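predicted model, plus sequence, below.
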Number of protein chains: 2
Amino acid sequence: MSAAAANPDFASLLRSHAAAVEARMAALLDGELASTPAKRLAEAMRYGLLGPGKRLRPFLVIESAALFGVPREAALDTAAALECIHAYSLIHDDLPAMDNDDLRRGRPTVHRAYDEATAILAGDGLLTFAFEVLARPVSHPDPAVRAELVLELARASGATGMAGGQMLDLEAERLPLEPEAIAVMQDMKTGALIRFACVAGAILGRALAGERAALEAYGGALGEAYQIADDLLDATGDSAVMGKAAAKDAGAGKATLVSRLGVSGARAVLENKVNQAVAALTPFGARAATLADAARYMTSRTS
Amino acid sequence: MSAAAANPDFASLLRSHAAAVEARMAALLDGELASTPAKRLAEAMRYGLLGPGKRLRPFLVIESAALFGVPREAALDTAAALECIHAYSLIHDDLPAMDNDDLRRGRPTVHRAYDEATAILAGDGLLTFAFEVLARPVSHPDPAVRAELVLELARASGATGMAGGQMLDLEAERLPLEPEAIAVMQDMKTGALIRFACVAGAILGRALAGERAALEAYGGALGEAYQIADDLLDATGDSAVMGKAAAKDAGAGKATLVSRLGVSGARAVLENKVNQAVAALTPFGARAATLADAARYMTSRTS
């Protein structure tokens, strides 16, 4: 079942937000890179950032901020900065020394389309650019909001977050992890950025502490659901639809919930996480219907 | 002639500031990484950041800020953040896909001491940590100052600054650059961070626009002097003193001022840049004596 069949409104809103974020990212990069003599690096950054993608994290920033009346335009730069971090992580994770992937979203990975040195620098450039975008006065008029966004994004992305999770994931190929350690690794590698997306909306919207905590709980459960859906896709998905190699985890001997609980067991945990995510939205009532749809979308992901 | 012989007071102040910055960097990293399960990544980040180093960039932050009465303690986090960026750049530049260096400051490079994937992630982690350190309220009480430091550091480090310069330097191995393009490349690769160090002092000290411009001019000339001194060391230096391979540029066919003008010609340009740097400090009078010493130190560098 495709996402569109599951919920046409949600799928259409996801596409609309994605188009707005992509236009903003292209404008930001063009503005930044127009004058740089490092043309090859600029091209590789564009290639890595502006290729096909669902833009789920930007969607979560925009919709979380919308809970507090923040218009989409005012959330776009934060959404774009987060997507820069996500894109950098894919470029570096795909490198030969890491996951060694040739294909990403149906296209050659950055180090295949360019070369390894350019891919390393393109990742570095996008990582750095994310913080530049957040720190610019145009991203939010209040410097305290900008500084807090930088702080939370750095925490979510660095050694105690995404980069640390990637390290644990690489080490797990040599020494398989226990179930609890898998959960920690996945929370760092994938969960931290998804949680940031939701918290960023709260920061932009100057949410109360309780509202921010609710969004953080939502993001945490959503991140877990996202990861289980990813593992299920790897185990059961179609490489052609996903645009990348399937059954890669099993081939690498990686322990996932699917390899431990089987497909139907993992699906049951996925349903449970989706319900947790939806429950976390209770304080927002009907205003959070779109975020609830985003959680339910996890059960119907095909790519 | 060693730096100590050239000016014992300057050398002793450089060492004193370096010790303070190293203590602060160690405390910051320990606080950040104490709880992460990614122990190997944490170790590699410590190894890359806390090895031997002159800490010239932190020195410039501290002394530029001191012009405006900012105490050393209040400049340490900004100095530490900048050194995180410098350390990340060395880790990534040393990678096999880039400059492929086995030795750095007399020790195995991070990818030799650990492995390539860990080195990529350690660089990513330090790059990200730099922005986390700057964005924390403890780095400066005014969020506008923190946001501006993030913005300027990102600009200096990214595709239009240091990372872009490294890209141009790599490309120059295949297609040698004209003298003007070499100057642009070196200004991006080395000059941008050194200029940031001086501008950061102005931001921390809430300098007037003219004072900030003077420091930026000083940093620009100092960065050029630093690069020429580096090229001279590569051409004439002692590998054992430098702790890394000498004559590497000539071996790689890299065009530098030394290969174009010869050693004595390059030394003349170096003297000229040092004089420019010192002249830029005129508005500060005797208060800037230490920064003037830092410029003169470039002519006596042995490592």
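That came through fine. Residues are numbered from 1 along each chain as shown, chains lettered A, B, ... in the order given.

from now on I want contacts and neighbour counts done on CA atoms only, so please keep to that.
Fine.

touching chain B at all, stretch A:114-125?
Yes - on the criterion CA under 8 Å from any CA of the partner chain, stretch A:114-125 is in touch with chain B at A:116, A:117, A:118, A:120, A:121, A:122, A:124, A:125.

which bits of the stretch 101-250 of chain A sit near chain B?
A:116-118, A:120-122, A:124-129, A:131-133, A:135-136, A:143-144, A:146-148, A:150-152, A:154-155, A:157-160, A:163-165, A:167-168.

in which helix or strand would I find residue A:201?
Using DSSP states H and E, residue A:201 sits in helix A:192-204.

give the rounded mean pLDDT of that helix.
Predicted confidence along helix A:192-204 averages 98 (mean pLDDT).

what of stretch A:212-229?
pLDDT averaged over stretch A:212-229 gives 96.

give me the contacts around it.
A:64, A:186-187, A:190-192, A:194-199, A:202-203, A:257-258, A:266-267, A:270-271, A:273-274, A:276-281, A:283, A:295, A:298-299, A:301 (CA atoms under 8 Å, 6 or more residues apart in numbering or on different chains).

ends of stretch A:156-163, how far apart?
Criterion CA to CA, to the nearest Å; first-to-last residue distance in stretch A:156-163 is 9 Å.

can you give me how far it is from the chain middle?
Mean-position distance between stretch A:156-163 and its chain equals 13 Å (CA atoms, centre = their mean, to the nearest Å).

list only buried entries from the contacts of stretch A:212-229.
With neighbours counted by 16 or more other CA atoms under 10 Å in any protein chain shown, the contacts of stretch A:212-229 contain buried members at A:64, A:186-187, A:190-192, A:194-199, A:202-203, A:257-258, A:266-267, A:270-271, A:273-274, A:276-278, A:280-281, A:295, A:298-299, A:301.

could you check the angle helix A:192-204 makes with whatever helix or strand comes next after the helix holding residue A:201?
Using DSSP H and E, the helix or strand that directly follows helix A:192-204 along the chain is helix A:209-236. Here the directions of helix A:209-236 and helix A:192-204 differ by 150 degrees (axes from the mean of the first three to the mean of the last three CA atoms, to 10 degrees).

show me what counts as buried in helix A:209-236.
A:211-235.

ok so, going back, just put the residues of stretch A:114-125 next to chain B in a markdown table and tack on neighbour count, distance to residue B:289 and secondary structure.
What follows is the residues of stretch A:114-125 next to chain B, written out as a markdown table (neighbours: other CA atoms under 10 Å in any protein chain shown; distance: CA to CA, whole Å; DSSP: H, G, I helix; E, B strand; the rest coil):
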| residue | neighbour count | distance to residue B:289 | secondary structure |
| --- | --- | --- | --- |
| A:116 | 20 | 45 | helix |
| A:117 | 21 | 41 | helix |
| A:118 | 26 | 42 | helix |
| A:120 | 25 | 40 | helix |
| A:121 | 29 | 38 | helix |
| A:122 | 33 | 40 | helix |
| A:124 | 30 | 37 | helix |
| A:125 | 27 | 36 | helix |
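
other residues contacting the strand or helix carrying residue A:40?
Following DSSP H and E, one finds residue A:40 within helix A:39-50. Residues from elsewhere that reach helix A:39-50 (CA under 8 Å, 6+ apart): A:22, A:25-26, A:29, A:33, A:36, A:83-84, A:87-88, A:91, A:109-110, A:114, A:118-119, A:121-123, A:125-126, B:159, B:164, B:167.

how does it look with 7 Å?
A:22, A:33, A:84, A:87, A:91, A:110, A:118, A:122, A:126, B:164, B:167 (CA atoms under 7 Å, 6 or more residues apart in numbering or on different chains).

for the following helix or strand past that helix, packing partners?
For helix A:39-50, the following helix or strand on the C-terminal side (DSSP H and E) is helix A:56-66. Judged by 3 or more CA pairs under 7 Å, 6 or more residues apart in numbering or on different chains; DSSP states H and E, the packing partners of helix A:56-66 are helix A:72-93, helix A:192-204.
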